[in-house]
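Trainee: Based on what follows, work out the 3D shape:
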Amino acid sequence: MVEALNAFIEANADSMWLLPAVLLVCILDGILPPAPAEPVLVALGAVAVAEGQPSLVALVAVAAVGGFLGDNLTYTIGRYTRLGRLRESSKPRVRGFFMWISGLLMRRGGMIIIACRYVPGGRQMVNLTAGAMEFPRLRFILFDSIAVVTWAVYNVGIGALAGAWLEDNPLLGAAVAVVFALALGWVAERGAQWWRDRSDQRVAQGAG
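Mentor: Numbering: from 1, shown residues only. Next up is the predicted model:
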């Protein structure tokens, strides 16, 4: 079974449809939280090192471009459609969450845009809010460019390290890399939650 799967990976690693498919997944990932961009990049990074295809540089470039397009589409949706009018929500929690993210963007816009690219679900909400509050487009493009390049290098790099370690078994290398990436993603998400709770405490103390 494993040998058959390895053969499938080897046969399709240099397929013409592979990089366009990665581009599409990364675009969708900037808009829809369930899109599995990180596991795809990590797995392909492992395969690329073990099999020599696809090109790591091309993989990083396509992932960064796809992430950039997806993030800017979300920003545009937030700015020009009713989906971005969270400040007018009838639900106090939604309205409060929007105001909280807006405050963070006003104080530390660059850091928030870059950091939240690594938090599934967080990147979509931050980018949507940035558009809704009319965060300057050129500043958003600058910070998001940094975010997507580092994000692409990070995910492909994890896969490449696992692929080099398990060079003779690209499938196992991809599986190990995906598990490792998911664990790091969980840690990043917990860290973001801790930071949010800490920020809420500071706001409450300031109000008191």
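Trainee: close enough to count as contact, Gly110 and Ser145?
Mentor: No: taking CB atoms under 8 Å as the definition, Gly110 is not a contact partner of Ser145, at 11.1 Å. C-beta here means a position set from N, CA and C on the backbone, and glycine is covered the same way.
Trainee: Could you tell me which residues touch both of those two?
Mentor: Residues within reach of Gly110 and of Ser145 at once, by CB atoms under 8 Å, 6 or more residues apart in numbering: there are none.
Trainee: tell me, how many neighbours does Leu23 end up with?
Mentor: By the criterion of other CB atoms under 10 Å, Leu23 has 18 neighbours.
Trainee: make that Arg139, sorry
Mentor: 14.
Trainee: burial count for Tyr80?
Mentor: 11.
Trainee: how much space between it and Leu69?
Mentor: Distance of Tyr80 to Leu69, given as CB to CB, to the nearest Å: 16 Å.
Trainee: again, but for Pro54
Mentor: According to CB to CB, Pro54 stands 19 Å off from Leu69.
Trainee: residue contacts, Leu105?
Mentor: Ile112, Ile113, Val126, Thr129, Ala130, Met133, Phe135.
Trainee: what's the closest non-adjacent residue to the second one?
Mentor: What sits nearest to Ile113 in space, not counting adjacent residues and going by CB to CB, 6 or more residues apart in numbering, is Phe143, at 4.2 Å.
Trainee: buried ones in stretch 27-45?
Mentor: Across stretch 27-45, burial judged by 16 or more other CB atoms under 10 Å covers 27-31, 35, 37-45.
Trainee: Which members of the residues you listed are the farthest-apart pair?
Mentor: Spatial extent of those (CB to CB) is set by the pair Ile31 and Gly45 at 23.0 Å.
Trainee: how about Ala152, what does it touch?
Mentor: Counted by CB under 8 Å, 6+ apart, Ala152 has contacts Leu41, Leu59, Val60, Ala61, Ala63, Ala64, Gly67.
Trainee: okay, and for the chain, where does confidence drop off?
Mentor: The chain contains residues with pLDDT under 70 at 1-14, 34, 83-91, 94-95, 97, 162-208.
Trainee: Mind doing that once more with 90?
Mentor: 1-22, 25, 29-55, 78-136, 138-139, 142-143, 146-147, 150-151, 153-208 (pLDDT under 90).
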